[in-house]
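In: next input, structure requested:
(one chain, ligands or ions: 1)
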Amino acid sequence: MITISRIMEKIDLKTLNDNVFDLIGKEWVLITAGTKNGGFNMMTASWGCLGWLWNKPVAVIFVRPERYTHQFVEAGEYVTLSFLGNGSEAREIYNYCGSKSGRDSDKVQATGLRPVETETGGITYEQSRLTLECRKLYKDSIKPECFIDSSIEKWYGANGGYHDIYVLEIINAYK
Ligand SMILES: Cc1cc2nc3c(=O)[nH]c(=O)nc-3n(C[C@H](O)[C@H](O)[C@H](O)COP(=O)(O)O)c2cc1C
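Out: Numbers count the residues shown, from 1 in each chain. Model prediction:
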């Protein structure tokens with residue numbers, strides 16, 4: 001597995017000018033956790049936030065406990081967010097990683113994702129046009145008793161378990 005400095009350049013987060021609503025909601029993102037030696041897994045996400053909290057740049061991700069990726073997010077300190085763009089290869093990868101579980105298939109082999117090791121030992125991909133390397137800061141869970149607008153309920157139950165919410169510090173950005 002090659003290391004990140006060979007193919008991506010570290011950038012200043014402040015130079016990012018993507019529209020965050022398009023970036024997450026339309027382009028989507030691959031959440032990856034784990035390491036080369038300990039094993040890793042990735043899944044597609046289209047819900048999430050980027051912002052500023054506790055005087056740090058943060059990303060907030062929402063991972064249902066039943067995802068295989070969840071156990072890797074739980075086990076490690078770091079998570080990467082890889083943005084693959086809107087090309088046809090990216091859409092195929094996102095669709096596969098958003099519909100198949102790493103419990104049942106080898107997503108790297110099936111999609112042709114080419115893993116790259118980050119500075120913290122996390123995993124991103126040669127296909128990533130932008131990678132945010134993140135460190136876990138805080139975790140909570142969606143709780144039904146906290147719903148203010150009851151229309152949110154429809155996203156749970158038959159549609160899946162209550163998301164765990166992870167606030168991540170963005171420690172490096174690469175293009
Ligand atoms: C467009 C899209 C967005 C998704 N967003 C999320 C999300 O934000 N959180 C989540 O838990 N699952 C999300 N999923 C579902 C997971 O990607 C999917 O269940 C995946 O197969 C989990 O893989 P795993 O079991 O290998 O972790 C999304 C799926 C798609 C197609």
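In: C-alpha only now, for contacts and for neighbours.
Out: Will do.
In: after the lengthiest helix in the chain comes which helix or strand?
Out: Looking across the chain with DSSP state H, the single longest helix is helix 88-97. Counting by DSSP states H and E, the next helix or strand C-terminal to helix 88-97 is helix 107-111.
In: which parts of that next one are buried?
Out: K107, V108, T111 (16 or more other C-alpha atoms under 10 Å).
In: for G102, see how far away the last one is.
Out: If you measure T111 against G102 using C-alpha to C-alpha, to the nearest Å, the figure is 12 Å.
In: next, show the common contact partners of those two.
Out: Contact criterion C-alpha atoms under 8 Å, 6 or more residues apart in numbering; residues shared by T111 and G102: none found.
In: for M1, give me the pLDDT.
Out: Looking at M1, its pLDDT reads 87.
In: now the one 3 residues further on
Out: pLDDT for I4: 88.
In: grab the nearest non-local neighbour of it.
Out: Nearest non-adjacent residue to I4, counting by C-alpha to C-alpha, 6 or more residues apart in numbering: T118, 5.3 Å away.
In: just G121 next, same as before
Out: G121's closest residue in space is T35 (C-alpha to C-alpha, 6+ apart), at 6.0 Å.
In: picking that back up, any idea of the mean pLDDT in the longest helix of the chain?
Out: The average pLDDT within helix 88-97 is 98.
In: is there proximity between that helix and the ligand?
Out: Yes - counting by C-alpha under 6 Å from any ligand atom, the ligand has neighbours in helix 88-97: N95, C97.
In: packing partners for that helix?
Out: If contacts are counted by 3 or more C-alpha pairs under 8 Å, 6 or more residues apart in numbering; DSSP states H and E, helix 88-97 sits against strand 29-35, strand 39-45, helix 107-111.
In: name the helices or strands packed onto the last one?
Out: Helices and strands in packing contact with helix 107-111 are listed as helix 88-97; criterion 3+ C-alpha pairs under 8 Å, 6+ apart.
In: pretty sure L50 sits against V60.
Out: Yes - between L50 and V60 there is a contact at 6.4 Å, judged by C-alpha atoms under 8 Å.
In: still on that earlier bit, any chance of the buried residues of helix 107-111 in JSON lines, plus pLDDT and distance to E126?
Out: Formatted as JSON lines, the buried residues of helix 107-111 follow (pLDDT from 0 to 100; distance: C-alpha to C-alpha, whole Å):
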{"residue": "K107", "pLDDT": "98", "distance to E126": "15"}
{"residue": "V108", "pLDDT": "98", "distance to E126": "12"}
{"residue": "T111", "pLDDT": "98", "distance to E126": "12"}
